[in-house]
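Enquirer: Prediction below, plus the sequence it came from.
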Amino acid sequence: MIVCDRGDVVLVGFVFADEAGRKLRPAVVVSARAYHQARRDLIVAAITSNVHRRLPGDHLIAGWKEAGLLFPSVATGIVRTIKGDMVHRKLGSMPKADMEAIGRDLRWSLDLEQ
């Protein structure tokens with residue numbers, strides 16, 4: 001199993017919403033180190049290269065090259081819990097400013113603003 005930290009950009013086998021198949025896609029780890037120490041799971045947000053369709057909870061990644069992505073990309077509000085062994089490899093690390101914005105967008109999406 002690959003050890004991951006919050007902010008790692010990873011390649012994950014995502015199951016389609018209709019469970020008709022699976023595809024390797026990039027995602028960013030949004031769960032905390034304490035979460036990883038207690039579980040074998042990761043919470044990730046899906047990443048897409050479709051930058052023209054942005055929905056509430058999505059964040060346009062400014063530092064996409066630094067994150068190890070091949071194209072301009074969006075961290076989506078699509079969040080999944082996955083087993084750690086579903087990570088095929090690490091691609092990079094999300095820049096701090098982007099990770100802070102992703103956190104803000106996810107808190108807004110989940111109505112966790114304080």
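Expert: Right, received. Where do you want to start?
Enquirer: A97 - nearest residue in space that isn't next to it in sequence?
Expert: If the residues on either side of it in the chain are set aside, A97 comes closest to A62, at 6.8 Å by C-beta to C-beta, 6 or more residues apart in numbering. Quick note: C-beta positions are derived from backbone N, CA and C, even for glycine.
Enquirer: And that neighbour, how close does it get to S109?
Expert: Relative to S109, A62 is positioned 19 Å away (C-beta to C-beta, to the nearest Å).
Enquirer: Surely A46 is in a helix?
Expert: No. According to DSSP: H, G, I helix; E, B strand; the rest coil, A46 belongs to no helix; its state is strand.
Enquirer: these two touch, right, it and V30?
Expert: No. Taking contacts as C-beta atoms under 8 Å, A46 lies outside contact range of V30: 10.6 Å.
Enquirer: By average pLDDT, which secondary structure element in this structure comes out worst?
Expert: Taking all helices and strands of the chain together, the one with the lowest average confidence (mean pLDDT, DSSP states H and E) is helix 33-38, at a mean of 86.
Enquirer: show me where pLDDT drops low in this structure?
Expert: Across the chain, the ranges flagged by pLDDT under 70 are 1, 17, 113-114.
Enquirer: Give me the nearest residue to R54, chain neighbours excluded.
Expert: Leaving aside its chain neighbours, R54 sits nearest to V74 (5.9 Å; criterion: C-beta to C-beta, 6+ apart).
Enquirer: Tell me which of A62 and S109 has more neighbours.
Expert: When A62 is set against S109 and neighbours are counted by other C-beta atoms under 10 Å, the residue ahead is S109, at 17 against 13.
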